[in-house]
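In: Mind looking at a prediction? Sequence and model below.
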Amino acid sequence: MKKVLINIAIIVVFLIIYFLQANFFTWFKIAGIMPNLFIILILFIGLFTKRTLVIMYGIVFGILIDIFIGKSIGITSIMLSIVGIVALIFDKNFSKDSRIAIMIIVAISTIIYELGIYILNHILIKTGFEIIPFIQILAIEVIYNVILTIIIYPLIQLVGYDIEEEFKGNKLLTKYF
């Protein structure tokens, strides 16, 4: 029953983040760039839940994002799933207690996500290929995502450990051996 409530809460958080992306952060653009809170959400799911759950949410949330605001269906779901897999890799190799590690994880995940979106859009939709503007946009988005993560991570960590206990159980010793 608790897992069902957690899944419902994750869906509600997705809807809140969608509202924030579509309405609130349009007022707080930096050089025309908004943060991508969906990356942070999928990282959170990947760091504190199971592999199948993060891939499922990456695909479903990506398809929903593509339906509402995307140019083609599937690109965002592929990249969000990859971000989830990256989060699983970081979960096994880094501590979730270190803010520096979380900042690095968010930065690397944002770079992977945006680079993948850019390349897939170039291949599938035949968009233009401009390196310097892309790097500028990427740098601003990485900084924006990292700053927002620093602000909201104490809340993520507080909720995340409860979710991790429910989905993964107490496997602290087996994680390192």
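Out: Cool, got the structure.
In: And the average pLDDT for stretch 52-64 is what?
Out: Average pLDDT, stretch 52-64: 90.
In: can you list contacts of that stretch?
Out: Contacts with stretch 52-64, where a contact means Cβ atoms under 8 Å, 6 or more residues apart in numbering, come from 10, 14, 18, 38, 41-42, 45-46, 73-85, 87-88, 167. Placement of C-beta: from N, CA and C, glycine included.
In: Any quick PyMOL command for the buried ones out of these?
Out: This is the PyMOL syntax for the buried subset of the contacts of stretch 52-64, where burial follows 16 or more other Cβ atoms under 10 Å:
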select buried, resi 10+14+18+38+41+42+45+46+75+76+77+78+79+80+81+82+83+84+85+87+88
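In: now, which of the contacts of stretch 52-64 lie within helices?
Out: 10, 14, 18, 38, 41-42, 45-46, 75-85, 87-88, 167 (DSSP state H).
In: what about the chain, any weak spots by pLDDT?
Out: Of all residues in the chain, those with pLDDT under 70 make up the ranges 70, 170-177.
In: can you map out the helices along it?
Out: Counting by DSSP H, the helices of the chain are 2-19, 37-48, 51-69, 75-93, 99-124, 131-168, 172-176.
In: Which residues lie in contact with the most centrally placed residue in the chain in this structure?
Out: For the chain, the residue whose C-alpha lies nearest the mean C-alpha position (Cα atoms, centre = their mean) is residue 39; its distance is 1.9 Å. Shown in contact with residue 39 (Cβ under 8 Å, 6+ apart): 80, 83, 106, 109-110, 113, 145.
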